[in-house]
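Enquirer: my questions are about this predicted structure, shown below with the sequence.
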Amino acid sequence: MSDTGFCPELSGDVREVRDWVHEFARTVVRPAGAEWDEREETPWPVIQEAAKIGLYSLDFFAQQWFEPSGLGLIVAFEELFWGDAGIGLSIVGTGLAAAALSASGTSEQMGLWLPEMFGTPDDVKLGAFCASEPDAGSDVGSIRTRAVYDEASGDWILNGVKTWATNGGIANVHVVVASVDPALGTRGQASFVVPPGTPGLSMGQKFKKHGIRASHTAEVVLDNVRLPGSCLLGGKEKLDARLARVREGGRSGEQAAMRTFETTRPSVAAMAVGIARAAFEYARDYAREREQFGRKIGENQAIAFLLADMATRVDIARLMTWRAAWMARNGRSFDQAEGSMCKLVAGETAVWVTEQAIQILGGAGYTREHPVERFHRDAKIYTIFEGTSEIQRLIIGRAVTGLPVR
Ligand SMILES: Cc1cc2nc3c(=O)[nH]c(=O)nc-3n(C[C@H](O)[C@H](O)[C@H](O)COP(=O)(O)OP(=O)(O)OC[C@H]3O[C@@H](n4cnc5c(N)ncnc54)[C@H](O)[C@@H]3O)c2cc1C
């Protein structure tokens, strides 16, 4: 771990990454956005192109994750999602599954399964993270998927239905959260890796969505999925010790799990910042060109002030995101729930800015001739997934009051 001090000026290395990803987003991702949104299918050819240049690769994610300022992945995500959010999520969805695996897995498990998640440039693969269930969305303590240990074989048997899984059913490797001891709520849960081709795992319905339509979202059905003991992330010894501590009323791993979620929130916030910036830039350029009443619409204060607010809010969201990413990378604890703060602000900023962009384009903004209506549809997911805005406020509210806010 390094401590470079928080500095909003990017290092030369990070600027290089930003410019490289921007070029890919500008030349490959943005031009393909509308098509894959309409097709509502996983953009395999674009993922393959990203893999060919090394952007969709374990190496890239690992290098940027460990970049000393904490901003490597953050600026990469902003650029990619500036290009298109549906395609962006298809490219980075595996990264979120990889983060979940890395949060609980041993180095042996990471060494084995992370490469399987990404595949190779000639044979691209995906990863999926499956926590949510039909009756356990915000309330992750209600997860019903059961993992039962078979003493005789040392195997685990998983049964249940997961929902809303990004890349669910089409991934090579699934990371599944299941309950080992339901009486203990989140403290009785464990994560498992489901290797490629494991019998009993199948895709349920694929959802037709409002936005990020290029990103695959589906149910995952687990029907007597038998996994060797080595698929329990972290291993059985660690799990048994943790459960024993919880049953004795001691400290649990719950706080640690919450901290892990907090540390991944800046990367999700960065995606929202990318969408918001794309919408702002598009609306600004339009306002400089479009004429009504014999002048540019941007010459009206009503429009210029709106653009001023849009630019300001994008900057606020970015600075909060960078601060949280730097804190996470440099081991600062999120005492005021700064991870949740940046996700909350970035998500709501993206929704607001993209809506104003439609307004600035007028009727044109409401059509699919321009991308701002898609940006708006895509932005909305950022107040919902990875913890809704209400749940972020709950976490921040608890952090700033010290009260058990419900
Ligand atoms: C496109 C998409 C992709 C996703 N990808 C994944 C994925 O890859 N893996 C995964 O595991 N999950 C994924 N999710 C699931 C996502 O994280 C959940 O949708 C989210 O956590 C909300 O859960 P829910 O939809 O069940 O809503 P609910 O929890 O039912 O919430 C409904 C409403 O009630 C509010 N609410 C609930 N509890 C409270 C409370 N205590 N106080 C105040 N308000 C409250 C919520 O904020 C929300 O407004 C994805 C979802 C979508 C839509």
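Expert: Received the coordinates, thanks.

Enquirer: how about low-confidence regions in the stretch 1-150 of the chain?
Expert: Residue ranges of the stretch 1-150 of the chain with pLDDT under 70: 1-4.

Enquirer: one more time with 90, if that's ok
Expert: The stretch 1-150 of the chain contains residues with pLDDT under 90 at 1-8, 96.

Enquirer: chain center to stretch 191-200: distance?
Expert: 22 Å (Cα atoms, centre = their mean, to the nearest Å).

Enquirer: with stretch 365-372 instead?
Expert: 25 Å.

Enquirer: that stretch - what's its average pLDDT?
Expert: Throughout stretch 365-372, pLDDT has a mean value of 98.

Enquirer: any residues touching it, and which ones?
Expert: By Cβ atoms under 8 Å, 6 or more residues apart in numbering, the list of residues contacting stretch 365-372 from outside reads 30, 33-34, 278-279, 282-283, 286, 354, 357-359, 361, 364, 373-374. The C-beta positions use only the backbone N, C-alpha and C, and glycine is treated the same way.

Enquirer: endpoints of it, how far apart?
Expert: This stretch, stretch 365-372, spans 6 Å end to end (Cα to Cα, to the nearest Å).

Enquirer: okay, buried residues for it please.
Expert: 365, 370, 371, 372 (16 or more other Cβ atoms under 10 Å).

Enquirer: give me phi/psi at residue 66?
Expert: phi -90, psi 10 (degrees, to the nearest 10).

Enquirer: spit out the contact partners of the closest residue to the ligand within the stretch 201-350 of the chain.
Expert: Using Cβ to the nearest ligand atom, the single residue of the stretch 201-350 of the chain nearest to the ligand is residue 217, 4.3 Å away. Contacts of residue 217 were listed using Cβ under 8 Å, 6+ apart, and they are 164, 165, 166, 168, 206, 207, 209.

Enquirer: also residue 205?
Expert: Residue 205 is in contact with 218, 219, counting by Cβ under 8 Å, 6+ apart.

Enquirer: shouldn't it be within a strand?
Expert: Yes - the assignment for residue 205 by DSSP: H, G, I helix; E, B strand; the rest coil puts it in a strand.

Enquirer: what about it, distance to residue 131?
Expert: To residue 131, residue 205 is 18 Å away according to Cβ to Cβ, to the nearest Å.

Enquirer: likewise for residue 62?
Expert: Residue 62 is 23 Å from residue 131, by Cβ to Cβ.

Enquirer: closest point of the chain to the ligand, which residue?
Expert: For the chain, Cβ to the nearest ligand atom, closest residue to the ligand: residue 137, 1.7 Å.

Enquirer: quick check: closest non-adjacent residue to that residue.
Expert: Of all residues not flanking residue 137 in the chain, residue 164 sits nearest, at 7.7 Å (Cβ to Cβ, 6 or more residues apart in numbering).

Enquirer: list the strands paired with whichever strand or helix holds the one you found, with their directions.
Expert: According to DSSP states H and E, residue 164 maps onto strand 155-166. Within its sheet, strand 155-166 is paired with strand 146-150 (antiparallel), strand 217-227 (antiparallel), according to DSSP bridges.

Enquirer: centre-most residue in this structure?
Expert: Centroid-nearest residue in the chain: residue 268, 4.5 Å away (criterion: Cα atoms, centre = their mean).

Enquirer: and the gap between that residue and residue 383?
Expert: 11 Å.

Enquirer: now swap in residue 293 and tell me
Expert: Applying Cβ to Cβ to residue 293 and residue 383 gives a distance of 36 Å.

Enquirer: the two - which one has more neighbours?
Expert: More neighbours surround residue 383 than the other of residue 293 and residue 383, with 19 against 8 (other Cβ atoms under 10 Å).
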